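[1] Below: sequence and its predicted model.
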Amino acid sequence: MRAAGHRMMDDMFDHLANLRGLPVWQPMPADVRAAFSQKLPTQGQDVEALYESFRNTIQPYVSGNTHPHFMGWVQGGGNVVSMLAELLAGAMNENCGGRDHVGLSVERQVIAWAAEITGMPPSTSGVLLTGSSMANFIAVLCARTKALGQTAREEGIKTTPLVAYASQGVHRCVPGALDMAGLGFNALRKIPVDADYRMNIPALRAAIKSDRAAGKTPFLIVGTAGSVDVGAFDDLAALSEIAKEFGLWFHVDGAFGALGCLSPSLRPQLAGIAEADSIALDFHKWAQVTYDAGCILIRDSEVHIATFSQATSYLAAAPRGLAGGQPWPCDLGPDLSRSFRALKIWMTISAYGSEKLGHVIDHSCALAKHLSQRIEQSDVLELSAPVPLNIVCFRVKHYTDTQNANLVADLQEAGLFAPSTTILNDQLAIRAAIVNHRTQISDIDALVDEITRRAVQRAN
């Protein structure tokens, strides 16, 4: 087993070192797909044979987000320190749902660092999660507790007509969170955006007043820091002031954009984030931690605990011994069985430092700027939206939506590049989200050149 482990480790380092020579992504052949439709094995097999199966049927067909040409979705490229931390965490097999052990101390350190990064106070509460989908869900539940008190946990929301507000560009997980909280999709008012895809502040104010006049109960404003489509930042400072004016919970969905606080050049765009009641963010995006590594920060620790804590005899905390260490993470979120995901975040930040991680963020934004300039100079391509961050949306001029979509699929299936698509102003756009620390200017130029070559070839 030791020899097999050393081989796996060496092979994975070789894999990462030689990514550029591999396809970004390739579809699974029918026989490989069929290999995962087998009956439950009753007998085990040798680990070397199992590893060969991994090498032949799994490794070649992953999504490819470690590759420098992966630009489809906002997914970080991981890093080798985090990869090694996964090995160490697996060996320790810590259950970080509660009790008094070092796993929780590491997690509390990471939460404190996240609060420091975003400007939240040292007393900020928080917990690590799978990602911002769960983090936004926790924020909605905390806001509900703040609005309704413990009654909502004990008796349900009954007929209280709670309503929340976010921009039209809000991530799908926010209406999903309202749904899971028992409030329904229709409890979310999607406020129009301006030309820069930022929430329209006068429209927000009007919506709140209209709902109050109709007998509804506004309770939550969700500001977006880094929108999914174009990477736009809402005016967080203005949203904070409106939340205070109307007595609403102010949450920031900063899944990837909140970590822009690490960049001196981007931090001004995040003015107001430190005033939030809660912030959702993902370390597995711009911080390049391996999946998964989400985080929720809650300003009021009492509200946070009140939203999730339960008293049970079989999980009772104690003043001393292993059952100490309150509050436990299971009293800060829905999970009791939790992995030691804090270790890979702690090791990544410790190994590289906040300054270098900030440089990675700046680098990805600089690459997006270079891509936008190449598009503006092109006779074949055109921008579909402003480029405030690291996401570039564009089209091939004179292509139909179907032709642009087919071009993206062709690039993906050829294993050359993996951009994605979105809809902006009723048109399909090619979307390049540049997050991977391995991506360089030469990769951006290669993308533009390949798309241009294919478009010109088709026209001729």
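    Now that the structure is in, tell me what you want to look at.
[2] which regions of the stretch 351-460 of the chain sit below the pLDDT cut-off?
    Residues of the stretch 351-460 of the chain meeting the criterion pLDDT under 70: none.
[3] Residues contacting the host helix or strand of residue 203, please?
    Using DSSP states H and E, residue 203 sits within helix 201-213. Residues from elsewhere that reach helix 201-213, judged by Cβ atoms under 8 Å, 6 or more residues apart in numbering: 163, 165, 189, 191-192, 217-218, 221, 235, 238-239, 242, 246, 248. The C-beta positions use only the backbone N, C-alpha and C, and glycine is treated the same way.
[4] Next: stretch 85-97.
    In contact with stretch 85-97 (Cβ under 8 Å, 6+ apart) are residues 9, 101, 103-104, 107, 290, 328-330, 335-344, 346-348.
[5] Around the nearest residue to residue 238 once chain neighbours are set aside, how many other residues sit close by?
    Once flanking residues are discounted, residue 238 sits nearest to residue 201: 5.1 Å by Cβ to Cβ, 6 or more residues apart in numbering. Counted with other Cβ atoms under 10 Å, residues neighbouring residue 201 total 16.
[6] can you check residue 5 too?
    Residue 5: 12 neighbours (other Cβ under 10 Å).
[7] Now name the helix or strand holding it.
    Applying DSSP H and E, one finds residue 5 within helix 2-17.
[8] Give the next helix or strand downstream of the helix or strand hosting residue 345.
    For residue 345, the host element (DSSP H and E) is helix 342-376. With elements assigned by DSSP H and E, the helix or strand that comes after helix 342-376 is strand 381-383.
[9] List the buried residues for the helix holding residue 345?
    The neighbour-count criterion (16 or more other Cβ atoms under 10 Å) identifies 342-349, 352, 357-358, 360-365, 367-372, 374-375 as the buried residues of helix 342-376.
[10] Pairing partners for residue 298 in the sheet, please.
    Beta-bridge partners recorded for residue 298 (DSSP bridges): residue 125, residue 278.
[11] got the contact list for it?
    Contacts of residue 298 (Cβ under 8 Å, 6+ apart): 124-126, 138-139, 142, 277-278, 304, 332.
[12] how about 10 Å then?
    111, 115, 120, 124-127, 135, 138-139, 142-143, 251, 276-279, 304-305, 307, 332 (Cβ atoms under 10 Å, 6 or more residues apart in numbering).
[13] State the three-state secondary structure for residue 165.
    Per DSSP: H, G, I helix; E, B strand; the rest coil, the local secondary structure of residue 165 is strand.
[14] again but with residue 224, I slipped
    Going by three-state DSSP: residue 224 is strand.
[15] Look up which residues are beta-bridged to it.
    residue 253.
[16] in the sheet, who's paired with the closest residue to residue 168 other than its chain neighbours?
    Among residues not flanking residue 168 along the chain, residue 190 sits closest, at 4.8 Å (Cβ to Cβ, 6+ apart). Per DSSP bridges, the residues bridged to residue 190 are residue 166.
[17] and residue 281, that one's in a helix?
    No. Using three-state DSSP, the assignment for residue 281 is strand, not a helix.
[18] What is the neighbour count of it?
    Residues near residue 281, counting by other Cβ under 10 Å: 31.
[19] What separation do you get for the nearest residue to it once chain neighbours are set aside and residue 43?
    Nearest non-adjacent residue to residue 281, counting by Cβ to Cβ, 6+ apart: residue 258, 4.0 Å away. Look at residue 258 and residue 43: by Cβ to Cβ, to the nearest Å, they are 49 Å apart.
[20] More neighbours: these two, which one.
    residue 258 (27 against 4).
[21] surely the residue nearest to residue 168 meets residue 163?
    No. If you go by Cβ atoms under 10 Å, residue 190 and residue 163 don't touch, sitting 11.4 Å apart.
[22] Between the two, tell me which one has more neighbours.
    Between residue 190 and residue 163, counting by other Cβ under 10 Å, residue 163 is the more crowded of the two (21 against 16).
[23] can you give me the helices in the chain?
    2-17, 30-34, 47-57, 80-92, 102-118, 132-148, 151-155, 173-180, 201-213, 236-246, 301-308, 342-376, 401-413, 441-459 (DSSP state H).
[24] follow-up on the earlier one: between helix 80-92 and the helix holding residue 345, find me the angle.
    With axes from the mean of the first three to the mean of the last three Cα atoms, to 10 degrees defining the directions, helix 342-376 sits at 150 degrees from helix 80-92.
[25] What helices and strands are in contact with helix 342-376?
    If you count contacts as 3 or more Cβ pairs under 10 Å, 6 or more residues apart in numbering; DSSP states H and E, helix 342-376 packs onto helix 80-92, helix 102-118, strand 125-129, strand 381-383, strand 391-396, strand 427-433, helix 441-459.
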